[in-house]
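1. prediction below, plus the sequence it came from.
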Amino acid sequence: MADTYIDYLECLEYGDFFLNEVQKLAGASALVDIVKLHDHVAGAMIGVAAELEKQGIKRSTVRVDRKEVEARSLALRKDVEKFYHYLGSLDEDVAHDADAFFPGGNQGSLAALKPADLAQKAGEILRGFSANANKDLPEAAKWRARIEGTQGALVGALAGKGTSSGHAIQGTTALVAARETFLVAYNGVAKRIVLGLLVSLGRKDELKLFFKDLQVNESRPSKAEADPPAGTDTPGT
């Protein structure tokens, strides 16, 4: 379970998360200078932020957008979970097809889904209302409206976060290079150092607590999407 592709805005999102959490390891061992590691990743992240700001995308705006997306994601997760439990509470003689909403009868790990994936899952659940077996589902209209509402709010928040400035992010040579520098500092250096430190402390399983990308579930995009050539427009999320 991990985000296998970190885009430009996620460099800031995941970077900020790491910089905040890694401070909890300060003084844990003389083997690692947490302050230097913190500053190393911060410097790389600032490089990405500087290039984004040239396009009118400010780090502070990205933070506000992210909070909005997180709030909308939480609301949608709660509605999906409540609907799942509602289906489970129905009497056996109530005609319905739970699998049309949740294949295999399992809602899955909603917390592990990225916001865009959560919105997509909600869309799949909404299609379940069209199944012939669910045409007489009690309170169907109420639940459909609730999920449509919170899904729509999340999609709207994602649309705002996608640009944070009203236009597509330009994958300039400098921005592409800044992202690569961040990935080296974040994936190549920070993760290895923190893992080594945690192993020495007998806390190896805590690695994901310091790296937000290890807490989400997202498939890698196609090669063309994952490595856009410099000078092309790319979405922010």
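-> Sure, I can see it. Numbering: from 1, shown residues only.
2. pLDDT of the helix or strand hosting Leu12, averaged?
-> Using DSSP states H and E, Leu12 maps to helix 8-21. Taken as a whole, helix 8-21 carries a mean pLDDT of 92.
3. chain center to the helix or strand following that helix, what's the gap?
-> Moving toward the C-terminus from helix 8-21, the next helix or strand (DSSP H and E) is helix 34-53. Its chain's C-alpha centre and that of helix 34-53 lie 20 Å apart, by C-alpha atoms, centre = their mean, to the nearest Å.
4. go on, stretch 9-16?
-> On C-alpha atoms, centre = their mean, the centre of stretch 9-16 falls 10 Å from that of its chain.
5. and what of stretch 30-46?
-> In terms of C-alpha atoms, centre = their mean, the centre of stretch 30-46 is set 24 Å apart from its chain centre.
6. what comes into contact with that stretch?
-> Contact with stretch 30-46 is made by 11-12, 15-16, 18-19, 22-23, 25-28, 178, 181-182, 184-186, 189-190, 193-194, 196-197, 200, as judged by C-beta atoms under 8 Å, 6 or more residues apart in numbering. For glycine as for every other residue, the C-beta is placed from the backbone atoms N, C-alpha and C.
7. measure Leu113 to Lys54 for me?
-> The spacing between Leu113 and Lys54, counted by C-beta to C-beta, to the nearest Å, is 32 Å.
8. quick one on the thing from earlier: ChimeraX command to pick out the buried ones of the contacts of stretch 30-46?
-> Of these, the buried ones go into a single ChimeraX selection, burial set by 16 or more other C-beta atoms under 10 Å:
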select :11,12,15,16,18,19,22,25,178,181,182,185,186,190,193,194,197
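9. what residue spans form the domains of the protein?
-> Following automatic domain parsing, the chain resolves into domains at 8-56+173-234, 62-161.
10. center of the chain, which residue is that?
-> Central residue of the chain (C-alpha atoms, centre = their mean): Lys114, 3.5 Å from the mean position.
11. backbone torsions only: list them for that residue.
-> Main-chain torsions, Lys114, degrees, to the nearest 10: phi -70, psi 160.
12. what does the one 3 residues further on give?
-> Main-chain dihedrals, Asp117, degrees, to the nearest 10: phi -70, psi -30.
13. now do Tyr5
-> Dihedral pair for Tyr5: phi -140, psi 120, per degrees, to the nearest 10.
14. just the pLDDT at it, thanks.
-> Note for Tyr5: predicted pLDDT of 83.
15. below-threshold pLDDT in the chain: ranges please.
-> Confidence mapping of the chain against pLDDT under 70 gives the ranges 1-3, 61, 63-64, 160-167, 217-237.
16. in this structure, which spans are strands?
-> Listed in chain order, the strands of the chain (DSSP state E) span 169-171, 232-234.
17. which residue lies farthest from the center of the protein?
-> Most distant from the centre of the chain: Asp93, at 39.3 Å, with distances by C-alpha atoms, centre = their mean.
18. ok, Leu113 and Lys54, which is more surrounded?
-> Comparing Leu113 with Lys54 by neighbour count (other C-beta atoms under 10 Å), the higher total belongs to Leu113, at 21 against 11.
19. thinking the more buried one is in contact with Val216, fair?
-> Yes. Contact criterion C-beta atoms under 8 Å: Leu113 and Val216 qualify, at 7.2 Å.
20. and the helix of greatest length in the chain, which residues are buried?
-> Taking DSSP state H as the criterion, the chain has its longest helix at helix 59-89. Neighbour-count burial for helix 59-89, counted by 16+ other C-beta under 10 Å, picks out 59, 61-62, 65-66, 68-69, 72-73, 75-77, 79-80, 83-84, 87.
21. tell me the angle it makes with helix 34-53.
-> Counting by axes from the mean of the first three to the mean of the last three C-alpha atoms, to 10 degrees, helix 59-89 lies at 100 degrees to helix 34-53.
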